[in-house]
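[1] Okay, predicted coordinates and the sequence, questions at the end:
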Amino acid sequence: MPLHMQFGTDDLLRCRFAISPLCQTHEAVRTLRRTERHGYHLPWLRRVREALAGLDLSELWLLMPGRGGYTPDFLGPPPEVPYASFEDELARMRATDPAAARRELVLSLECTTGAAGSARGRAMLDDPAGAVQRLADVTEAAWRALVEPDWPRLRALLEADIAYRSRQLAEGGLERLFADLRPALRWTDSTLTIRNSVVPAQTQDLDGRGVLLMPSVFVWPDVISGFAPPWQPTVIYPARGVGGLWREPDAVTADALVRLLGASRAAILSGLEEPASTTALAARHRLAPSSVSAHLAVLRAAGLLSSRRQGHQVLYERTPLGMALVGGG
């Protein structure tokens, strides 16, 4: 169902990005049960299977209803800083006011038939302060088992996405930024429309609060939006490059890439960990600039690279397809 976020002048000045390990943890828990999300994460799902045997996630899952349902905002409030630590976010969650927690618990439990009257549901409503602490304990255990071992890799992907989106915002404003996230997001007449939002159709006046944009490793194919006042309106969207996240390059993959693309093109594509210019790539690979330019043109035409101008240079970087190919996809 579409959600229409209406921007005023002040909202345009209050758009920001952030990374939330707490949000990633809850989306990882949600992904375990949502088979439509499994395609990109099968290697991770196989790897965490043993760790899941020691986790009781039933209370968290009770508060994660299906599409269109409400999950309590206090479980993962919008971070106040761009790069919060998990420990700081968890401490903020533990400090939730019990009365506010109970209001959100009621709204969430009402989304699932029989949840409020179940033993777990009644226990949460009777003792919201205790429920907050138990949910925080479960969240911490889920973080340790499901996310923390891979956090450097996940954070690198999320940081790369924010760097890319920030350049888009600087070069072309919100129109350029949201255009790259189509068809899920559409920017028209100072209104951001989220077409596959999991909330009911509605129009939301941002009222000067702006929007927090958070990339997520686990949220694909959804775009999640929401957070009722007093929280800042937030859009959680799939990060670029998720398709190659869990694929490890090996000798067989490298050899296959050479056979597919040729030695020089394979080396250029594999070596583009960061955006680079033709001149820099020519020096790095000891090739003539004209040869590198020809290779880049082929890789770009195949959809493996994208290019952008920065000052007097044109920088090349891998697309999600290029990332997946290098990663063994």
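    Now that the structure is in, tell me what you want to look at.

[2] Return the set of buried residues in the one helix or strand residue 43 maps to.
    Here residue 43, judged by DSSP states H and E, is contained in helix 42-52. Under the neighbour-count criterion of 16 or more other CB atoms under 10 Å, helix 42-52 has 44, 48 buried. Any C-beta I mention is one placed from the backbone N, CA and C, and that applies to glycine too.

[3] just stretch 156-163 next, same as before
    157-162.

[4] could I get those as JSON lines with distance to residue 326 and secondary structure?
    Formatted as JSON lines, the buried residues of stretch 156-163 follow (distance: CB to CB, whole Å; DSSP: H, G, I helix; E, B strand; the rest coil):
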{"residue": "157", "distance to residue 326": "14", "secondary structure": "helix"}
{"residue": "158", "distance to residue 326": "19", "secondary structure": "helix"}
{"residue": "159", "distance to residue 326": "18", "secondary structure": "helix"}
{"residue": "160", "distance to residue 326": "14", "secondary structure": "helix"}
{"residue": "161", "distance to residue 326": "17", "secondary structure": "helix"}
{"residue": "162", "distance to residue 326": "21", "secondary structure": "helix"}
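
[5] quick check, nearest of those residues to residue 80?
    Nearest to residue 80, judged by CB to CB, of those is residue 162 at 16.3 Å.

[6] pLDDT score assigned to that closest one?
    On the pLDDT scale, residue 162 is placed at 88.

[7] what do you get for residue 281?
    89.

[8] Excluding covalently adjacent residues, which one is nearest to it?
    With CB to CB, 6 or more residues apart in numbering as the criterion, residue 281 has its nearest non-adjacent residue at 5.0 Å, and that residue is residue 292.

[9] Okay, strands next: where are they in the protein?
    3-6, 16-17, 185-188, 191-194, 202-205, 212-216, 224-226, 234-238, 276-277, 305-310, 313-318 (DSSP state E).

[10] Direction included, what does the second one pair up with?
    Right, strand 16-17. When sheet partners are counted by DSSP bridges, strand 16-17 sits next to strand 212-216 (parallel).

[11] and if you look at the first one?
    Note on strand 3-6: by DSSP bridges, its sheet partners are strand 191-194 (antiparallel), strand 202-205 (parallel).

[12] Only the buried residues of that strand, if you could.
    By 16+ other CB under 10 Å, the buried positions in strand 3-6 come out as 3-5.

[13] Could you measure from residue 34 over to residue 111?
    15 Å (CB to CB, to the nearest Å).

[14] Check residue 172 too.
    Taking CB to CB, one finds residue 172 at 38 Å from residue 111.

[15] Need the winner for burial among the strands paired with strand 3-6.
    strand 191-194 (a mean of 19; mean count of other CB atoms under 10 Å).

[16] which residues touch that strand?
    With CB atoms under 8 Å, 6 or more residues apart in numbering as the test, strand 191-194 has contacts from 2-7, 174, 178, 184-187, 211, 223, 225, 235.

[17] in the protein, what spans have low per-residue confidence?
    1, 182, 196-201, 247-253, 327-329 (pLDDT under 70).

[18] Residue 265 - nearest residue in space that isn't next to it in sequence?
    Of all residues not flanking residue 265 in the chain, residue 295 sits nearest, at 4.9 Å (CB to CB, 6+ apart).

[19] For that neighbour, the count of nearby residues, please.
    Counted with other CB atoms under 10 Å, residues neighbouring residue 295 total 23.

[20] just residue 317 next, same as before
    19.
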